[in-house]
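*Asks:* What would the 3D arrangement of this be:
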Amino acid sequence: MQPSEARHWRNNRRLTVGLLAIWFVATFLVSGFARELQGITVLGFPLPFYMGAQGALLIYVLLVGYYAWRMGKLDAECAAGREDA
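*Replies:* Purely as a prediction, here's the structure:
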């Protein structure tokens with residue numbers, strides 16, 4: 001495996017782990033600590049209600065969009081690294 005490919009997969013794993021951590025927080029921690037988070041309001045609604053109604057869905061769409069954008073950049077960098085070799 002070329003150094004550019006190894007760097008590509010390392011960056012890919014790092015990105016995936018980071019986005020999965022955000023997904024985990026938005027999905028499980030907010031609902032798991034719903035009682036404790038009732039005091040926080042977003043747009044006039046309690047945070048757990050907002051996340052259940054639409055907040056989590058917005059986060060998921062943003063995660064997918066960011067992943068696609070960032071992977072496009074990583075793939076272009078890896079392709080440029082192959083052309084140099």
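*Asks:* what pLDDT does Lys73 get?
*Replies:* Reading off the confidence values, Lys73 has pLDDT 93.
*Asks:* roughly how far apart are it and His8?
*Replies:* From Lys73 across to His8, the span is 11 Å (CB to CB, to the nearest Å). Where C-beta positions appear, they are placed from N, C-alpha and C, glycine not excepted.
*Asks:* Same check on Leu47?
*Replies:* For Leu47, the distance to His8 equals 37 Å [CB to CB].
*Asks:* give me the number of residues near the closest residue to Asn11 other than its chain neighbours?
*Replies:* Using CB to CB, 6 or more residues apart in numbering and skipping the chain neighbours, the partner closest in space to Asn11 is Leu74 (5.5 Å). By the measure other CB atoms under 10 Å, the count of residues near Leu74 is 16.
*Asks:* Wait, Leu74 touches Arg10, no?
*Replies:* No - if you go by CB atoms under 8 Å, Leu74 and Arg10 don't touch, sitting 10.1 Å apart.
*Asks:* Tell me where the model's unsure across the protein.
*Replies:* The chain contains residues with pLDDT under 70 at 1, 81-85.
*Asks:* ok, which stretches of it are helices?
*Replies:* 3-24, 30-32, 47-50, 56-84 (DSSP state H).
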